[in-house]
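# Could you work out the structure for the sequence below:
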Amino acid sequence: AAAAMASGCRIGPSILNSDLAALGAECSRMLDCGADYLHLDVMDGCTWIWLPFLQVGLAIKPGTTVEHLAPWANQIDMALVMTVEPGFGGQKFMEDMMPKVQWLRTQFPSLDIEVDGGVGPDTIHKCAEAGANMIVSGSAIMKSADPRSVINLLKNVCSKAAQKRSLDR
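Now for the predicted structure:
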């Protein structure tokens, strides 16, 4: 039998890049435009939120080797590979993080793998081909005049790469 696959491709706009004075409306607008989830950054270093419907993720920043995440991979729902230095939006995508995504996808085929930082229409192909199936995109979606088309493009590229991966196995 084939190994379990990660859940399908999902696109999560980062609401860090939204109009925080109209947060409710911005969240509704993104969901109406086809977002699968909303990505919220909590960066105080000590927040623990536990609700029965939440999933557990573990993030690694660019300077952390992917092997540091491996011991917990079977206990988490999602691994997040940061493709920028955490802290603020609008940074340049770090393509040299893609080997981490590839390694995780090879070692843990059923794990949801998320990328966050500088991801948009110009960089989605690299993320999807490496094996990411959860895509956080801030500026590319939130600052677009047509967020629905950006979400659809990201989702289509991601889905095609996932289909190709399953055929190649």
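# Could you use CA atoms for every contact and neighbour count after this?
Noted.
# Do you have the helices of this protein handy? List them.
23-32, 98-107, 124-130, 139-142, 147-168 (DSSP state H).
# Take those helices and lay them out in a markdown table including mean neighbour count and distance to E85.
Shown next, in a markdown table, are the helices of the chain (neighbours: other C-alpha atoms under 10 Å; distance: least, C-alpha to C-alpha, whole Å):
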| stretch | mean neighbour count | distance to E85 |
| --- | --- | --- |
| helix 23-32 | 15 | 25 |
| helix 98-107 | 18 | 14 |
| helix 124-130 | 22 | 17 |
| helix 139-142 | 23 | 15 |
| helix 147-168 | 17 | 22 |
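# Figure out which of those is closest to Q91.
Q91 sits nearest to helix 139-142 of all these, at 9.4 Å, using C-alpha to C-alpha.
# just to revisit the earlier point, reformat the helices of the chain as a markdown table; add distance to V81 and mean pLDDT.
Shown next, in a markdown table, are the helices of the chain (distance: least, C-alpha to C-alpha, whole Å; pLDDT from 0 to 100):
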| stretch | distance to V81 | mean pLDDT |
| --- | --- | --- |
| helix 23-32 | 23 | 94 |
| helix 98-107 | 7 | 97 |
| helix 124-130 | 10 | 97 |
| helix 139-142 | 18 | 93 |
| helix 147-168 | 16 | 92 |
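# Can you tell me which of those is nearest to N74?
With C-alpha to C-alpha as the criterion, N74 lies closest to helix 98-107 of those, at 10.6 Å.
# Kindly reformat the helices of the chain as TSV containing distance to G87.
Below are the helices of the chain laid out as TSV (distance: least, C-alpha to C-alpha, whole Å):
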stretch	distance to G87
helix 23-32	20
helix 98-107	20
helix 124-130	20
helix 139-142	14
helix 147-168	23
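# so which of the ones you listed gets nearest G57?
Closest of the helices of the chain to G57 is helix 98-107, at 13.6 Å (criterion: C-alpha to C-alpha).
# ok, residues contacting the closest one?
Under the criterion C-alpha atoms under 8 Å, 6 or more residues apart in numbering, residues 65-66, 81, 111, 113, 126-127, 130-132 lie in contact with helix 98-107.
# what two of these are the furthest from one another?
Maximum pairwise distance among the contacts of helix 98-107 (C-alpha to C-alpha): 19.2 Å, between T65 and K126.
# Could you measure from K92 over to P109?
The gap separating K92 from P109 is 28 Å, by C-alpha to C-alpha, to the nearest Å.
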